[in-house]
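A.B. asks: What would the 3D arrangement of this be:
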Amino acid sequence: MRTALIEKDKVGGTCLHWGCIPTKVLLHSSDLYLRFLRAREFGIVVDKVGINYPQFHRRKEAVVDRLFQGTQFLLKKNGVELFSGEGELISSGDVLIKKDGTDVGKIHAKNVICATGSVPLIPDTIPHDGKYVLTSDDILLWEEIPKSLIIAGGGAIGTEFAHLFNVLGTKVTIIELLEDVLPGEDKEISATLRKIFTKRGIDVRTNTSLEKVIIDNGVRVEIKRKNNASQSPAAAGNKEFVEADHLLLALGRKPNLTDIGIEKLSLSFKGKYLQTNEVMETSKTGLFAIGDIAGPPLLAHKASSEGLIAVSHIAGKETTPLNYQNIPGVTYCLPQVARMGLTQEEAEKRSHKTRVGKFPLIANSTAMIDGEYADGFVKIVTDDKYGEILGVHAIGPHVGELMWGMSLATILEGTAHELLNTIFPHPTLSEAILGAAQAVVDKPIHM
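C.D. replies: Numbers count the residues shown, from 1 in each chain. Next up is the predicted model:
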């Protein structure tokens, strides 16, 4: 099909330039630094270890640039016509191209896919200046290590940056409104990560709201504990002030739907996201929406899958609807946190009678060899009647690599008993999956 792509900045979008890739490069460097600090434990003598944070960024830029060039090459190789500018829908099949506020072209197509992504959420009550009060976009450009940093939001973005700057020596405080960091994860996983963060010196304030932000050669943040909070440096309901060099806003992201013309088309919404059907088509025939504007989870691999479904449908090919419950998610702090499917709490709310199996990584050979086993575990949540896998959750080294297999298992309606009949190579981290499956049916032979 003849294909046009309109992009206002750089192809690759948030994930390549402002999200997944650059943050993971920085995190990888910080994790290597931690490894070097433990070099003697592995029999390696290192005279002096230090941090060159600007070099973290040079490597980040090199990795991003190489992937950017690869993306541009693929578009050119496949004959995609690339238009530089902003697209504005005039109708479901007509798109106006604008550059610096001026109309520079118009495209008509039988099918249009909107993939404008999301932007950091900045509440109107918070003064965002890009200097003292930062978003994740802003802080990725900073090459100085702050002495202190308050992070508003304990989700994936907040915890990843908390880990990074804690490693770099920054005094980090996390302010989270809900009862724990990574509040969407399994409760045992969240509690374990909070315990690890606290042990490392990160000040984690949960059940706490951000009331006011004052900028004065730094930031002074007024916070308030919720009345049902059980842990607090002050009495529940009392207000206090926390000061730091900077405040990072990690309060989530919002769909980027401004100035693209959708308000003229009377489209259907589900909350703040565009409503789509199983092939990602909106309420207007021929107009599709994928990625962050189509709803959670706001993940790059979910967006890519939706794009493939939409294009397959447009091309007249048979499509399989996306099972959103099976989409894996990973938070790249150390230890990693990974999930697929329902948490135990979610499963029980859906009236499942659950059976749970856990396997600690301290009993896994590869985790022991790697030296990153402390407090880590794999947890499998199954339906008690048939053993069907409802969810898999893990905290530990590289556990994100385990989740694609668990997603496949659930797509195939796998059970814990079938995992028991799967042969895992030894020694590997993946054997923890086998151990957790054995625990589900009361046969944990390595515990």
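A.B. asks: list the contacts for the most centrally placed residue in the chain?
C.D. replies: Centroid-nearest residue in the chain, with C-alpha atoms, centre = their mean: Ala156, separated by 5.2 Å. The contact partners of Ala156, by C-beta atoms under 8 Å, 6 or more residues apart in numbering, come to 182, 329, 331. (Each C-beta comes from the backbone N, C-alpha and C, glycine too.)
A.B. asks: Likewise for Thr116?
C.D. replies: 255-257, 260, 291, 293.
A.B. asks: one more time with 6 Å
C.D. replies: By C-beta atoms under 6 Å, 6 or more residues apart in numbering, the contact set of Thr116 is 256, 260, 293.
A.B. asks: Return the member of those residues nearest to Gly435.
C.D. replies: Ile293 (40.4 Å; C-beta to C-beta).
A.B. asks: and the closest one, what is it in contact with?
C.D. replies: Ile293 neighbours (C-beta under 6 Å, 6+ apart): 116, 255, 257, 274.
A.B. asks: okay, the closest residue to it other than its chain neighbours: pLDDT?
C.D. replies: Leaving out its chain neighbours, the residue that sits closest to Ile293 by C-beta to C-beta, 6 or more residues apart in numbering is Pro255, at 4.3 Å. Here the pLDDT value assigned to Pro255 is 97.
A.B. asks: what's the neighbour count on Pro255?
C.D. replies: Per other C-beta atoms under 10 Å, the neighbour tally for Pro255 reads 22.
A.B. asks: Check whether it really touches Ser118, as I assumed.
C.D. replies: Yes. Here Pro255 lies in contact with Ser118, judged by C-beta atoms under 6 Å, at a distance of 5.4 Å.
A.B. asks: shared neighbours of the two, which are they?
C.D. replies: In contact with both Pro255 and Ser118: Asp292, using C-beta under 6 Å, 6+ apart.
A.B. asks: Show me the domain layout of this structure.
C.D. replies: Annotated domains of the chain cover 4-118+254-324, 133-249, 326-440 [automatic domain parsing].
A.B. asks: Quick one: end-to-end length of the second one, please.
C.D. replies: Going back to what we said before, that points to domain 133-249. End-to-end distance of domain 133-249: 7 Å, with C-alpha to C-alpha, to the nearest Å as the criterion.
A.B. asks: In space, what's closest to Val204 - neighbours in sequence excluded?
C.D. replies: Using C-beta to C-beta, 6+ apart, the closest residue to Val204 is Ile174 (4.9 Å).
A.B. asks: Enumerate every residue touching the one you found.
C.D. replies: Residues counted as contacts of Ile174 (C-beta under 6 Å, 6+ apart) are 151, 154, 162, 204.
A.B. asks: Apply 7 Å and report the result again.
C.D. replies: 151, 154, 158, 162, 181, 202, 204-205 (C-beta atoms under 7 Å, 6 or more residues apart in numbering).
A.B. asks: For Ser190, state which of the residues you listed is nearest.
C.D. replies: Val181 (5.8 Å).
A.B. asks: Using just helix, strand and coil, how would you label the residue nearest to the closest one when sequence neighbours are not counted?
C.D. replies: Closest residue to Val181 apart from its sequence neighbours, by C-beta to C-beta, 6+ apart: Gly154 at 3.8 Å. When states are read from DSSP: H, G, I helix; E, B strand; the rest coil, the local structure at Gly154 comes out as coil.
A.B. asks: Please tell me how far Gly154 sits from His163.
C.D. replies: Applying C-beta to C-beta, to the nearest Å, the value for Gly154 to His163 is 12 Å.
A.B. asks: Overlap of the contact sets of those two?
C.D. replies: In contact with both Gly154 and His163: no residue, using C-beta under 7 Å, 6+ apart.
A.B. asks: since we're on Glu318, how many residues are nearby?
C.D. replies: With neighbours defined by other C-beta under 10 Å, the count for Glu318 comes to 6.
A.B. asks: Let me fix that, I meant to ask about Gly158.
C.D. replies: If you count neighbours by other C-beta under 10 Å, Gly158 ends up with 26.
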